[in-house]
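In: Return a 3D structure for these sequence lines:
(one chain, ligands or ions: 2)
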Amino acid sequence: MYDLHVHIIGHDKRIRDYSPNVDTYVLQAEMLGLKALGFVDHYPYRLKNVKKIKEKVEYYKKNADIPVWYGAEIYLPSNTRIPKYFDYSLGHVRAGYNLEEAFKMANQKNIDAIAHPCAYGARCSYARLEQYKNLGICLEISEKGLIYLPQWLYEKAVALGIPLPLGSDAHSPDEMGFPEVVERGLKWTPLEEIPFVEESGWL
Ligand SMILES: [Zn+2]
Ligand SMILES: [Zn+2]
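Out: Ligands and ions are numbered 1, 2, ... in the order given. Below is the predicted model of the structure:
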């Protein structure tokens, strides 16, 4: 197991410095026996606000026992230019857009994975996914958004070979782990077979 969708910046606006979260997440990931940990926050944000966070993440990228990556979660559609220093990107599809639009927008923005498919108002009628299967764009298996993932979509993705990476969408370290995914018996894509992990040679 691994987790490629962990938010450092939580929902509590009174907390100005979320960088101590990074330490707790890395400890928690090691305790849960995760094979890799990917941080994301909702980008765009002011870079000066995440200076300490970036320093911490850089430290763990070099020193943690497991691979640590720094990505971004981007709302789609988006006019944001995604900086090169992010290791990967997740697309959070805004309410009202359907799955085919999600794949097209993700492709345009070079987004690696569609986060929590069909959740939070994104539309999810039966989609012709065949035409998107070779783009290398993943569909996330989201612990937090799992109730929104239709079984037909999961099964179709498996049949078409669309990669299914794991992400908890935790906003605090105690929200990590995948009890619902395990309970539902879903099979996620092994870390080394995820296209953006494979291509970047991180392992
Ligand atoms: Zn999201
Ligand atoms: Zn998220």
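
In: When you work out contacts or count neighbours from here on, use the C-alpha atoms and nothing else.
Out: Noted.

In: Tell me the helices and strands packed up against the worst-scoring helix or strand of the chain on mean pLDDT.
Out: Of all helical and strand segments in the chain, the minimum by mean pLDDT, DSSP states H and E falls on helix 195-200, at a mean of 89. Helices and strands touching helix 195-200, by 3 or more C-alpha pairs under 8 Å, 6 or more residues apart in numbering; DSSP states H and E: there are none.

In: Could you shift the numbering so residue one becomes 46, and keep it that way?
Out: Sure, I'll start counting at 46 from here, so that last one is helix 240-245.

In: what comes into contact with that helix?
Out: By C-alpha atoms under 8 Å, 6 or more residues apart in numbering, the residues outside helix 240-245 that reach it are Tyr133, Asp157, Gly181, Ile182, Pro208, Leu236, Glu237, Leu248.

In: now the helices: where do they sit in the protein?
Out: According to DSSP state H, the chain carries its helices in the segments 65-76, 96-108, 144-153, 196-205, 224-229, 240-245.

In: For my notes, please list the ones you listed in CSV and give distance to Ile127 and mean neighbour count for each entry.
Out: Output for the helices of the chain, formatted as CSV (distance: least, C-alpha to C-alpha, whole Å; neighbours: other C-alpha atoms under 10 Å):
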stretch, distance to Ile127, mean neighbour count
helix 65-76, 22, 17
helix 96-108, 16, 15
helix 144-153, 12, 19
helix 196-205, 27, 14
helix 224-229, 30, 12
helix 240-245, 16, 14
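
In: Let's have these in JSON lines, adding distance to Met46.
Out: Output for these, formatted as JSON lines (distance: least, C-alpha to C-alpha, whole Å):
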{"stretch": "helix 65-76", "distance to Met46": "10"}
{"stretch": "helix 96-108", "distance to Met46": "18"}
{"stretch": "helix 144-153", "distance to Met46": "25"}
{"stretch": "helix 196-205", "distance to Met46": "18"}
{"stretch": "helix 224-229", "distance to Met46": "11"}
{"stretch": "helix 240-245", "distance to Met46": "14"}
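
In: So for Ser213, which of the ones you listed sits nearest?
Out: Smallest distance to Ser213 across the helices of the chain (C-alpha to C-alpha): 9.5 Å, for helix 224-229.

In: ok now the least confident helix or strand of the chain, how far from the chain's centre?
Out: Per C-alpha atoms, centre = their mean, to the nearest Å, the displacement of helix 240-245 from the mean C-alpha position of its chain is 14 Å.

In: And for stretch 160-170?
Out: Using C-alpha atoms, centre = their mean, the offset of stretch 160-170 from its chain centre is 14 Å.

In: What lies in contact with that stretch?
Out: Contacts of stretch 160-170 (C-alpha under 8 Å, 6+ apart): 135-144, 184-187, 189-191, 193-195.

In: and the residues you listed, which are buried?
Out: 135-139, 142-144, 184-187, 189-191, 193-194 (16 or more other C-alpha atoms under 10 Å).

In: quick one on the thing from earlier: JSON lines for the contacts of helix 240-245, including neighbour count, distance to Arg91 and pLDDT?
Out: Output for the contacts of helix 240-245, formatted as JSON lines (neighbours: other C-alpha atoms under 10 Å; distance: C-alpha to C-alpha, whole Å; pLDDT from 0 to 100):
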{"residue": "Tyr133", "neighbour count": "23", "distance to Arg91": "19", "pLDDT": "96"}
{"residue": "Asp157", "neighbour count": "24", "distance to Arg91": "23", "pLDDT": "97"}
{"residue": "Gly181", "neighbour count": "17", "distance to Arg91": "30", "pLDDT": "94"}
{"residue": "Ile182", "neighbour count": "24", "distance to Arg91": "27", "pLDDT": "97"}
{"residue": "Pro208", "neighbour count": "23", "distance to Arg91": "32", "pLDDT": "97"}
{"residue": "Leu236", "neighbour count": "21", "distance to Arg91": "31", "pLDDT": "96"}
{"residue": "Glu237", "neighbour count": "13", "distance to Arg91": "32", "pLDDT": "95"}
{"residue": "Leu248", "neighbour count": "10", "distance to Arg91": "30", "pLDDT": "76"}
